[in-house]
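Student: sequence and predicted structure are below.
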Amino acid sequence: MHRKYKFGFLGLSGSGKTCILAALDMQRRAHPAAYTSALLPVDVAPPMGDKETWTDAQKEAYILHQSSERLSQVKKQLEQGTVPMGTELSYDFIFDYEFSSEKTGTFQARIIDYGGELVNPEGYAPEKIELREKLAGMDGLFVLAPAPHPTKKDKAISEFLNLLQNTLTRIAFEQPIVLLINKWDRIAPLPEYTVSQQALKADELPTTEHRDLYNALSNKVGEKNCKAFPLSAFGEYEQRSTAEGKETEFPKHVNPLASFGLLEGFIWLTQRLDIIRLENYEQQITHYKKWIPYPSRTLSTLIRQSKEITQLFPKEPEMSKRVLWARQQYSGIWKYRLIFLLSILLSLPLIGVGTQQAYQDNQNYKEVHSSLNDPKAQFDDVKKAEQWLENYYYTSPISHPFSWIFVVSNKTAKLELEQSRDQREQRLWQVIQNTPSLENRLQAGKNYLRALPNGKRLAQVKTIVLKDEDTLRQQREVQWWQQVEQAQTEIAKLEAARQYLENIYDGIHKAEAESIVAQIENKWRELEEQQLWQPVLEANSPRLQIETAQSYLQEKPGGQHAAEAQMLIVQAKALLREQEELRWWQPVEQATAWLVKVEKAQAYLEAMPNGKHVAQANIILVEHETRYQTEDLGKGVILEMVYI
């Protein structure tokens, strides 16, 4: 089964990515080292139905088909002598290729062609985030940096490469990178293509911008993981005028293309990935100790992986020897562990407890070494590591006999403990001595006291800390009090005095600052009280008096006029009730017609059911009812007499 890789293909708009991808699948002159490449057919059916309901696999199938169609159009345009357009802004094409060479054998690579605008550092943020996520899953990266045109001396190519460099610098990536200097035929006539092209050195790159980009990429992933290759997708070119009258570069030879250096970068990147895998395979040996009493499943897996790694180097015997040597090392470790485990199992009743303790001590000792050797280790981690060494030193050998033999002796533990403490004390003391800033020296002194409560220079550091604290306290007090003295307004003075009290505890100006705050706050409270009470005094109606008095009580429920405001509200409400009473009763008294008086009395009772004239209004209604009944009785007698 062929091994598969995933490569990112990056370059700004117009850098020639699409032409390179097309040339990889077009008829070309035979490569001098017999390298080959071809586009693999899409082996999945195009998705059907609504796009919103597609699964990730269906979306990928759609992109593969769209990419294949796009590449077919590009190849047709090239064969017809036209130049294809670049990749769209928000659409990433995916292509599956198969490559082969004598050293690598056959391998497959999925190449993701990003739109040029996606690598613009000023681009839209979601596209940048998507680009980072895509690159996170890549095995390698191709970066296109076209050669400058010999007849065009504008700054476009310089800005182009600087833009590309700025973008790539901002994106985290640790895998190998190939810098493709495409359109190499612009620089000079292409040499006879009889041998495989070697990687370019930094001084062989065409411009300062190319060298800066190469150096940035090399610094990012390491010199071994970054190479630059010359490339011309079509070979030599010729200038033609388009229908719009624009001068454009066209391949001089088509079917077959005279491609130059097209495949070297892909073969080198694959070889580098294979070597990295071999190096990782070799380096993992250091993580496995022979004496650990268990064979380890991962160790068995690594032994089985040797066959797969050997297949990465079908024509490189030296690499195969390295794989074999590593496999033998893994096998030896596995055998030693197995023998050790069997020995332990035979003597398990005697050494079970000791072995368990030794294993735990070994894990702890690794953590101790990791903390003590890490220059960025936290203080608590270092303190914990030193405490473990101290406890280990004072523990009886009977408690962990195997640990003293296989992990660390008490003498070594004591030596490492003393060395760690001496180094830490020396580091902390040097920081105190070499720090010019008073604040930083004080903090360094406190760090020393916290880290080394029994340090050799404890008394000296305490004196420094007390002296610096007193000096800083005096400086800070002068600074904060100057703000109070220099304040131009009451607001500024009040705020400065408050800041002084907040930041200076028990300062020499504490009483004066408190007095300033109290005076200004009392003055402001009186002014505020007066401003809130003035509308109450100026109210010219009971209703307005109630509103203003209630507003006053809401703002100042405990103000000096609170009782007066409450009394005023009671009086105003009583006056309003009196006015309301008079408004409804006066029409009753002023009515001259009896029926009008009755109607007004009824209206009074409805409006004022608890008024002081309720009894009088009821008398009027009763009297009216009596009169009505008397009149009806008289009419009845008269009618009866008439009937008789």
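Tutor: Here it is on my side, so go on. Because the structure is a prediction, the values reported are computed rather than measured. Numbering: from 1, shown residues only.

Student: after the least confident helix or strand in the chain by mean pLDDT, next one along is what?
Tutor: Ranked by mean pLDDT, DSSP states H and E, the helix or strand of the chain with the weakest confidence is helix 125-136, at a mean of 64. Next helix or strand after helix 125-136 toward the C-terminus (DSSP states H and E): strand 140-144.

Student: list the pairing partners of that following strand within its sheet, with orientation.
Tutor: Strand 140-144 has its sheet partners listed here by DSSP bridges as strand 3-10 (parallel), strand 177-181 (parallel).

Student: state the mean pLDDT of it.
Tutor: Per-residue pLDDT values over strand 140-144 give a mean of 93.

Student: kindly export that strand (C-alpha atoms) in PDB.
Tutor: Extracted as PDB, the C-alpha positions of strand 140-144 are listed here (Å, rounded to 0.1, in the frame of the first residue of the first chain):
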ATOM      1  CA  GLY A 140       4.900  19.700   4.800                       C
ATOM      2  CA  LEU A 141       4.500  23.000   3.100                       C
ATOM      3  CA  PHE A 142       5.400  24.400  -0.300                       C
ATOM      4  CA  VAL A 143       5.900  28.200  -0.400                       C
ATOM      5  CA  LEU A 144       6.000  29.900  -3.900                       C
END
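
Student: give me the contacts around that strand.
Tutor: 5, 7-11, 15-17, 20, 111, 135, 164, 168, 173, 175-180, 182, 213, 217, 265, 269, 272-273 (C-beta atoms under 8 Å, 6 or more residues apart in numbering). Backbone N, C-alpha and C define where each C-beta goes, glycine included.

Student: buried set for that strand?
Tutor: Gly140, Leu141, Phe142, Val143, Leu144 (16 or more other C-beta atoms under 10 Å).

Student: relative to Asn215, how far out is the fourth one?
Tutor: Just to be clear, that refers to Val143. For Val143, the distance to Asn215 (C-beta to C-beta, to the nearest Å) stands at 13 Å.

Student: pLDDT at Pro191, what is it?
Tutor: The model reports Pro191 with a pLDDT of 80.

Student: quick one: which helix or strand includes it?
Tutor: Under the assignment here (DSSP H and E), Pro191 is part of no helix and no strand.

Student: same thing with Ile94?
Tutor: strand 93-101.

Student: for that strand, name the packing helices and strands.
Tutor: Where contact means 3 or more C-beta pairs under 8 Å, 6 or more residues apart in numbering; DSSP states H and E, strand 93-101 is packed against strand 36-39, helix 56-79, strand 105-113, helix 264-283.

Student: neighbouring strands of the third one in the sheet, and parallel or not?
Tutor: Strand 105-113 has these partner strands in its sheet, going by DSSP bridges: strand 3-10 (parallel), strand 93-101 (antiparallel).

Student: tell me the angle of that strand relative to helix 56-79?
Tutor: 90 degrees (axes from the mean of the first three to the mean of the last three C-alpha atoms, to 10 degrees).

Student: average pLDDT for strand 105-113?
Tutor: Per-residue scores along strand 105-113 average to 92.

Student: ok, now the first one?
Tutor: Looking at strand 36-39 alone, the average pLDDT works out to 94.

Student: for that strand, what is the distance to the chain centroid?
Tutor: Relative to its chain's centre, strand 36-39 lies at 40 Å (C-alpha atoms, centre = their mean, to the nearest Å).

Student: begin at 39 from now on, thanks
Tutor: Noted, 39 is the first residue going forward, which turns the last one into strand 74-77.

Student: how about it: buried residues?
Tutor: Ser75, Leu77.

Student: that older thread, out of the strands paired with strand 143-151, flag the one nearest Ile470.
Tutor: Nearest to Ile470 among the strands paired with strand 143-151 is strand 41-48 (49.6 Å), distances taken as C-beta to C-beta.

Student: could you export that closest one as CSV, CA atoms only?
Tutor: Presented in CSV, the C-alpha positions along strand 41-48 are these (Å, rounded to 0.1, in the frame of the first residue of the first chain):
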residue,chain,number,x,y,z
ARG,A,41,2.2,5.8,1.8
LYS,A,42,0.3,9.1,1.7
TYR,A,43,1.3,12.7,2.6
LYS,A,44,-0.6,16.0,3.0
PHE,A,45,1.1,19.1,1.6
GLY,A,46,0.0,22.7,1.8
PHE,A,47,0.6,24.9,-1.3
LEU,A,48,0.9,28.6,-0.5
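
Student: same for the next helix or strand after that strand, what does it pack against?
Tutor: Of the helices and strands lying after strand 41-48 in sequence (DSSP H and E), the nearest is helix 55-61. Applying 3+ C-beta pairs under 8 Å, 6+ apart, one finds that helix 55-61 contacts strand 41-48, helix 94-117, strand 143-151.

Student: out of those, flag the one nearest Gln520.
Tutor: Closest among the helices and strands packed on helix 55-61, using C-beta to C-beta: strand 41-48, at 57.7 Å.

Student: in terms of helices and strands, where is Gly483?
Tutor: Counting by DSSP H and E, Gly483 is part of helix 476-489.

Student: domain-wise, how is the protein divided?
Tutor: Split into domains by automatic domain parsing, the chain comes to 41-296, 413-494, 627-681.
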